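Chemist: build me a model:
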Amino acid sequence: MSDVLKYLGQTFVYAIIAMGTAYFASRPQIQLLRPDAAQIKLSLAHSAQRKEECRKLTSAEIANLPPSQRRPNTCGRERVPMHVQLVLDGRAIYDATIEPIGLSADGPARVYKKFVVPSGRHQIVARLKDRLGGGEFDYEKSAEINLSPSQSLAIEFKADRGGFLFY
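Modeler: Got it, this is the predicted structure:
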């Protein structure tokens, strides 16, 4: 008889735990965005151009190197900072210069930002500059988008696919 009571007690305790878990999994109800808002996500990781151009080594310089390190060119590792701009309806919502990562500043510069915007029709322009010197942006893409309430627009950057991609 004591085994039956033990199993009934365990079943009761497990049922209470399951009901508590179900209650707290559905409460409190949260709303991530206002009902009339949409979201834009900017995500990119890109290696900008090198700060110094590669230099061809002379025959004497190559001969002075250890055999395992002989190569025709030498290149600095450091990369230039990347300038990223996101313009929504003629107003810049993001404008920043991002430094490359890594001990030698030789890695990619990374950006991940979220922006809550009103739903509806918008003109959006994404720009990126990854070279030294003044002047214009190296990559630019503009589009007219229609964001419905609670929609999320992802903006990604892939240099090998032509620049910015809107999803």
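Chemist: ok, now which ones touch the residue most central in space within the chain?
Modeler: The centroid of the chain falls nearest to Ser43 when counting by Cα atoms, centre = their mean (2.7 Å). Taking Cβ atoms under 8 Å, 6 or more residues apart in numbering, we find Ser43 in contact with Val111, Tyr112, Ala154, Ile155, Glu156, Phe157. Where C-beta positions appear, they are placed from N, C-alpha and C, glycine not excepted.
Chemist: domain-wise, how is the protein divided?
Modeler: For the chain, automatic domain parsing gives the domain ranges 1-30, 33-51+78-166.
Chemist: can you add distance to Ala60 and mean pLDDT and give the ones you listed back as a markdown table?
Modeler: Output for the domains of the chain, formatted as a markdown table (distance: least, Cβ to Cβ, whole Å; pLDDT from 0 to 100):
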| stretch | distance to Ala60 | mean pLDDT |
| --- | --- | --- |
| domain 1-30 | 69 | 88 |
| domain 33-51+78-166 | 24 | 93 |
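Chemist: any idea which of those domains is most buried?
Modeler: Most buried of the domains of the chain, by mean neighbour count (mean count of other Cβ atoms under 10 Å): domain 33-51+78-166, with a mean of 15.
Chemist: give the other helices and strands that the longest helix seen in the chain contacts.
Modeler: Longest helix in the chain by number of residues (criterion: DSSP state H): helix 2-26. Here helix 2-26 touches no other helix or strand, going by 3 or more Cβ pairs under 8 Å, 6 or more residues apart in numbering; DSSP states H and E.
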